[in-house]
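# Pasting the sequence and the predicted model now:
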Amino acid sequence: QQKLQYGAQYTGKRTDAAMNKWRSNRFGQFIHWGLYAIPGGVWNGKTYNYAAEFLKSSAKIPTSTWDSLMYQFNPVKFNAKEWAKMAKKMGAKYMTITTKHHEGFCLWPTKFTEFNISHTPYKKDILKELVEAYNAEGIDVNFYYSVLDWHHPDWRYDIKSAEDSIAFRRFLKFAADQLRELATNYPTVKAFWFDGTWDNSIKKNGWWTLEVEKMLKEVRPGAIVNSRLRADDFGKRHIDSNGELMGDYESGYERRLPNPYKDLQVTKWDWEACMTVPENQWGYHKDWSLSHVKSPLELLEMVVHTTSMGGNFLLNFGPAGDGSIRKEEQNIAAEIGAWMQANGHVIYNCDYAGWEKQDWGYYTKQKGSNTLNLVVFNVPVSGLLKIKAPAGTRFKTKQGLEEIAKDQYLFHMPIQLYKVPQVIILETESNSGSGDKYQEAKT
Ligand SMILES: C[C@@H]1N[C@@H](C(=O)NCc2ccccc2)[C@H](O)[C@@H]1O
């Protein structure tokens, strides 16, 4: 253990009301929307199959050319209330919006750069419209903010000279000013999702990442920041040089989930996974035939998988440049929403149950309750669900449950065709403790 000035500020999970609400939300909608949605992955008639929000670099477009897209940004089909209603129907409890992505274009009328929504034909404060529409639906709003900024002249990937460090100090002040502006002008914001913090320039300025965390929590008490913002005294990111998680939740799972057998360490802290519908498209891409597009059921399984390991799941939508939501995304929202409508009680305010995962699916548990939720994705041909209970567990539920050995059970599922994941709720005795019926075989 060494004394760190810019390391983790506390250990263990936050248990204040703001963090408890963030944790209980479990399922959120990510929205990537910016100038990149206008070309949608196509430039001069050529389709680029890289992530659409990287078109500027994949098509080697000069900054001045890219930035002039601002004068075309006029989403005539944008309707914040419609987006919010769709998210509500999907069962999202929070929404994270890209206030500024790597391109540097700001969705709010910031004082600190002209490269913002007020200089587009649309003019109005899109961020304000979204925050109000989503909050009106009872959905919390969080802000994604990319520190990496391809537009700003003082951005540096590394600090190699005195000039670099003078320019980058100006840049860090610019970014801190924008973040203070966001925390001040949109007072219902709940959390800040930092991205674009992997470069050496940031790793060499860990002090700034802590200063931003402190400032945001001062301006907006209860505010939540992700581990991706943070670098410590030695440039260590997410986890400090003493092995402690920095920020309020771990944000390393991007387009991948922790293994439910091998990565159980994640159940010890708060974490969030973010996921694209295609293989790797966050911004709107015109051509989704270029990769696998995940089905509603594939995505729903990820939601349940994440809850079963005590994490939040942030599912990405990439609205088109005109403000419309593509049909695949509308369909996902409707299908996931239908299941969440009937079964949200096994997701919201649920957590890791501590039971050994089985092939048929996932366990979740309502905090402090004696009910155990089984969410079945893979119905065995036998119809028998294997359950290995913690030592001495006693079930209140008898229906369908067959004890076959010490702490080993089979749950009998009715043999039928299942088209959606099945939820089975088992009741355990509150003080399930010692005493067992079958002796271990002597082998
Ligand atoms: C949450 C996602 N993070 C962004 C991302 O993948 N950035 C990675 C990256 C950006 C720039 C150079 C190399 C790698 C994506 O554009 C999404 O915003």
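Alright, I've got the coordinates. The model shown is predicted, which means the values in this text are computed figures rather than measured ones. Numbers count the residues shown, from 1 in each chain.

# Distance of the residue in the chain positioned nearest to the ligand relative to N370?
Of all residues in the chain, W282 sits closest to the ligand, at 4.1 Å by CB to the nearest ligand atom. Every residue, glycine included, has its C-beta placed from N, CA and C. Distance from W282 to N370, counting by CB to CB, to the nearest Å: 41 Å.

# Please apply the same query to T96.
34 Å.

# Tell me the bridge partners for E427.
Counting by DSSP bridges, E427 is bridged to T371.

# Give me the neighbour count for it.
A count of nearby residues for E427, using other CB atoms under 10 Å, gives 13.

# Which neighbouring elements make contact with the helix or strand containing L300?
Assigned by DSSP states H and E, L300 belongs to helix 296-308. Secondary-structure packing of helix 296-308 (3 or more CB pairs under 8 Å, 6 or more residues apart in numbering; DSSP states H and E): strand 271-275, strand 311-317, helix 327-343, strand 361-366.

# what angle do the third one and strand 311-317 make?
Yep, that's helix 327-343 we're talking about. Put simply, helix 327-343 runs at 150 degrees to strand 311-317, going by axes from the mean of the first three to the mean of the last three CA atoms, to 10 degrees.

# Could you name the helices and strands sitting against helix 327-343?
Partner elements for helix 327-343 (3+ CB pairs under 8 Å, 6+ apart): helix 80-90, helix 296-308, strand 311-317.

# Rounded mean pLDDT for the second one, please.
This means helix 296-308. For helix 296-308, mean pLDDT is 98.

# How about it, which residues are buried there?
For helix 296-308, burial by neighbour count (16 or more other CB atoms under 10 Å) applies to P296, L297, L299, L300, E301, M302, V303, V304, H305, T306, T307, S308.

# More neighbours: W282 and N370, which one.
The neighbour count for W282 versus N370, taken as other CB under 10 Å, is higher for W282 (28 against 15).

# and the more buried one, what does it touch?
F30, H32, A51, A52, E53, T276, N316, G318 (CB atoms under 8 Å, 6 or more residues apart in numbering).

# So the residue lying closest to the last one once chain neighbours are set aside: helix, strand or coil?
Okay, so that is G318. Of all residues not flanking G318 in the chain, Y284 sits nearest, at 4.2 Å (CB to CB, 6 or more residues apart in numbering). Under DSSP: H, G, I helix; E, B strand; the rest coil, the three-state class of Y284 is coil.

# per-residue pLDDT, S434?
The model reports S434 with a pLDDT of 39.

# pLDDT averaged over the helix or strand where I387 lies - what is it?
Using DSSP H and E, I387 maps to strand 384-388. Mean pLDDT, strand 384-388: 98.

# between it and strand 361-366, how many degrees?
Using the same axes, to 10 degrees: strand 384-388 against strand 361-366 is 60 degrees.

# Quick check: buried residues in strand 384-388?
L384, L385, I387.

# How about the contacts made by N331?
Counting by CB under 8 Å, 6+ apart, N331 has contacts P296.

# Now do the phi/psi pair for the residue nearest to G318.
Y284 adopts backbone torsions of phi -60, psi 130, taken as degrees, to the nearest 10.

# Also S227?
According to degrees, to the nearest 10, S227 has phi -60, psi -20.

# re earlier: any idea how far the helix holding L300 is from the chain center?
How far helix 296-308 lies from its chain's middle: 13 Å, per CA atoms, centre = their mean, to the nearest Å.

# Up against the ligand, what does the stretch 51-200 of the chain have?
A51, E53, H102, D195 (CB under 6 Å from any ligand atom).

# Just the residues you listed: which are in helices?
Residues of those located in helices (DSSP state H): none.

# ok, the residue nearest the centre of the chain - contacts?
With distances taken as CA atoms, centre = their mean, L314 lies nearest the centre of the chain, 3.2 Å away. Residues in contact with L314 (CB under 8 Å, 6+ apart) are G28, Q29, F30, T96, E272, A273, C274, M275.

# Do I have it right that the last one meets L315?
The one in question is M275. Yes. Assessed by CB atoms under 8 Å, M275 is found in contact with L315 at 5.6 Å.

# overlap in contacts of the two?
With CB under 8 Å, 6+ apart as the test, M275 and L315 both reach F30, L299.

# Give the residue from these two that has the larger number of neighbours.
Neighbour count, other CB under 10 Å: between M275 and L315, L315 has more, with 25 against 20.

# what pLDDT does the more buried one get?
pLDDT for L315: 99.

# Spit out the contact partners of it.
F27, G28, Q29, F30, A92, C274, M275, V277, L299, V303, I332, I336.

# Just grab the bridge partners of it for me.
Here L315 shows beta-bridge partners Q29, M275, assigned using DSSP bridges.

# and stretch 360-378, how far out from the chain's middle?
Stretch 360-378 sits 21 Å away from the centroid of its parent chain (CA atoms, centre = their mean).

# Quote the end-to-end distance of it.
Chord length of stretch 360-378, first to last residue, is 4 Å (CA to CA, to the nearest Å).

# hang on, Y253 packs against N259?
No. Contact criterion CB under 8 Å: Y253 and N259 do not qualify, at 10.9 Å.
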